[in-house]
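> A structural model of the following input is requested.
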Amino acid sequence: MNVERPRTRPQGWLSRHHRQGPRPWRKLRLAFLRWRRTVLANPHTARVYRTIVGGLGTLVVLIGLVLVPLPGPGWLIVIIGLFIISSEFRWAQRLLHFVRVNVEKWTQWIMAQPLWVRWTIGGLTAAFVCFIVWCALRLTGLPDWVPDLPVLEVLGLH
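Next comes the predicted model:
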């Protein structure tokens, strides 16, 4: 006795693509990849394209390196610059892989430490950032919109 199962599908069987339609950036990405393939087909335009990508990525990396000691996303900007460069250069792909692996190792090491070690490292990092901000404010001076506070005189910023 061979009984066929009914061909009804369970609730929610559709993937995200079927439920919501194609991702909005897919057409733009595919158009870019087609354009890039045509550019790289000609050796002269490929050289110009690689030079522009390398220059732009290097500029982003340099801006990120300048911003590293300041509070903000300095290292993130460096990694974004490496992503840009690694789209065309194999050495940058290897460097980016090295950075990913070591950031993951560092994160795992930090999370394996006792809470007091994590808090100490976090406190030292915060103290370093405060010192860099203090140095920057000593060099450039306080903006005019900062009110006169007694703590600024103690810190030597007024």
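> which regions of this protein sit below the pLDDT cut-off?
Applying pLDDT under 70 to the chain flags residues 1-22.
> dump the residue contacts of the most centrally placed residue in it.
What sits nearest the mean C-alpha location of the chain, by Cα atoms, centre = their mean, is residue 76, with 3.8 Å. Residues near residue 76 by Cβ atoms under 8 Å, 6 or more residues apart in numbering: residue 64. The C-beta positions use only the backbone N, C-alpha and C, and glycine is treated the same way.
> quick one: buried residues of the helix or strand residue 118 falls within?
Take DSSP states H and E as the rule and residue 118 turns out to sit in helix 115-140. Buried residues in helix 115-140, counted by 16 or more other Cβ atoms under 10 Å: residue 137.
> Distance from that helix to the middle of the chain?
22 Å (Cα atoms, centre = their mean, to the nearest Å).
> so how far is residue 78 from residue 27?
From residue 27 across to residue 78, the span is 31 Å (Cβ to Cβ, to the nearest Å).
> between the two, which one's more packed in?
residue 78 (20 against 10; other Cβ atoms under 10 Å).
> I'd guessed the more buried one sits against residue 58; true?
No: Residue 78 is beyond contact range of residue 58, at 11.0 Å (criterion: Cβ atoms under 8 Å).
> tell me the domain ranges of the chain?
Domain segmentation of the chain under automatic domain parsing yields 22-111, 113-158.
> Out of those domains, which one sits most buried?
domain 22-111 (a mean of 13; mean count of other Cβ atoms under 10 Å).
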